[in-house]
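1. Compute the structure for the input listed below.
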Amino acid sequence: MAISEDQRRARRPGVMHVAVLECETLPDAIVEARGNFANIFNQWLQTGVNKVNYKRPPQRRTSIEVTRWPVVHGVYPSDITKVDAFIITGSICSAYDDYPWIRALEEFVRVVYDTHPHIKFFGGCFGHQLLARVFLGEHGVKVVGADYGWENGVHDVNLTPQFVSQFPFLQGQTMRYQFLHSDEVVTTQPLPRGWLSVGSSDMCKNQGLYQPGRVLTYQGHPEFDRRILYYFTDFLGSTGTIDNDVYETSLKLIDRDSTSQLAAEVVVRFLEI
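-> Sure, this is the predicted structure:
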């Protein structure tokens, strides 16, 4: 049974429980240096919490508790009434791959969305693409291999005026963070009422989706830092997945400054709404 907003706030005032649904087991080298996906998201979200809490009196400060659920191995929380939001992570898989764990995750998302209106969803990269398929597949939204190949390193997200209007503190700001993908979300018709595009980059037209109060997605990886991107870019280069020109360009882009903390602040404020 879904709990009411009043019950949720009364149970855990000021504390948001975020369940990270891990869609990939990260390589040992990354886990040893930065932790698993849940650790990485927790550290990134805390930068957003710090931004949100700055100058707030103690009684108005927010906090986030993160739990880890490796859904790629079929592990899900048994009691979702204690969850305020689900984060769906990146993956080496494509959202359109026909693996049982992906289909199970899509069904889980549909059921939770329909039966627990207090729970929000955030998706990054693969998570962005999976949520697009689940919620907007019937409205002409698809996930396909990108014609431009790989979008790697730090890129600017050109925010739409509609999205900025939802988060006025973004006025005049630039969201800029790490990317690592070769699939993209494409639309064949206008988004349905109640949905907004987050923005675009020079390479990728759809950099995120937003349904106020329920769903937010980013195509990029603002939770990743340079070290993680160096690892994956070296892997792509050494396996011949990307050619030398793309490899060298990616290394230069990885070194650009990012505003990942700003992207985290947007997510935290979304969770608070």
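2. For residue 164, which residues are in contact?
-> Counting by C-beta atoms under 8 Å, 6 or more residues apart in numbering, residue 164 makes contact with 170-171. Placement of C-beta: from N, CA and C, glycine included.
3. How is it assigned, secondary-structure-wise?
-> helix (DSSP: H, G, I helix; E, B strand; the rest coil).
4. Tell me how far it lies from residue 97.
-> According to C-beta to C-beta, to the nearest Å, residue 164 and residue 97 sit 34 Å apart.
5. So residue 82 sits against residue 16, correct?
-> No - checked against C-beta atoms under 8 Å, the pair residue 82 and residue 16 is beyond contact range at 11.0 Å.
6. These two: who's more crowded?
-> residue 16 (20 against 15; other C-beta atoms under 10 Å).
7. now the longest strand along the chain, how far from the centre of its chain.
-> Of all the segments assigned as strand in the chain under DSSP state E, the longest by residue count is strand 151-159. Relative to the centre of its chain, strand 151-159 is centred 14 Å away, using C-alpha atoms, centre = their mean, to the nearest Å.
8. do stretch 214-227 as well
-> In this view, stretch 214-227 has its centroid 5 Å away from the chain centroid, taken as C-alpha atoms, centre = their mean.
9. Need the distance between the two termini of it.
-> Chord length of stretch 214-227, first to last residue, is 32 Å (C-alpha to C-alpha, to the nearest Å).
10. try stretch 170-178
-> Its first and final residues considered, stretch 170-178 spans 19 Å by C-alpha to C-alpha.
11. how about that stretch: buried residues?
-> When burial is assessed from 16 or more other C-beta atoms under 10 Å, stretch 170-178 yields the following buried residues: 170, 175-178.
12. Tell me the strands beside the longest strand of the chain, with direction?
-> For strand 151-159, the pairing partners within the sheet under DSSP bridges are strand 175-181 (antiparallel), strand 199-200 (antiparallel).
13. Just the pLDDT for residue 1.
-> Turning to residue 1, the model gives it a pLDDT of 29.
14. least trustworthy helix or strand in this protein by mean pLDDT?
-> With mean pLDDT, DSSP states H and E as the measure, the helix or strand of the chain carrying the lowest mean pLDDT is helix 5-11 (a mean of 41).
15. ranges for the strands of the stretch 151-273 of the chain?
-> Assigned by DSSP state E, counting those that start in this stretch, the strands in the stretch 151-273 of the chain fall at 151-159, 175-181, 183-187, 196-197, 199-200, 209-211, 215-218.
16. just these: most buried one?
-> Per-residue neighbour counts averaged over each of the strands of the stretch 151-273 of the chain give the maximum for strand 215-218, namely a mean of 26 (mean count of other C-beta atoms under 10 Å).
17. who's in contact with that one?
-> Applying C-beta under 8 Å, 6+ apart, the contact partners of strand 215-218 are 120-125, 127-128, 131-132, 135, 157, 177, 198, 207-210, 263, 266-267, 270.
18. Kindly reformat the buried residues of stretch 170-178 as a markdown table containing distance to residue 112.
-> Compiled in a markdown table, these are given as follows (distance: C-beta to C-beta, whole Å):
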| residue | distance to residue 112 |
| --- | --- |
| 170 | 28 |
| 175 | 27 |
| 176 | 32 |
| 177 | 27 |
| 178 | 28 |
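19. Out of those, which is nearest to residue 32?
-> Proximity of those to residue 32 (C-beta to C-beta) peaks at residue 178, which lies at 19.6 Å.
20. Near residue 52, how many other residues are there?
-> Residue 52 sits with 22 neighbouring residues when counted by other C-beta under 10 Å.
21. what pLDDT does residue 198 get?
-> If you check residue 198, the pLDDT there is 98.
22. Chain neighbours aside, what residue packs nearest to it?
-> residue 208 (2.9 Å; C-beta to C-beta, 6 or more residues apart in numbering).
23. all helices for the stretch 101-250 of the chain, in order.
-> Remark: helices of the stretch 101-250 of the chain, listed N- to C-terminal, are 126-136, 161-166, 226-238, 244-254; assignment by DSSP state H, counting those that start in this stretch.
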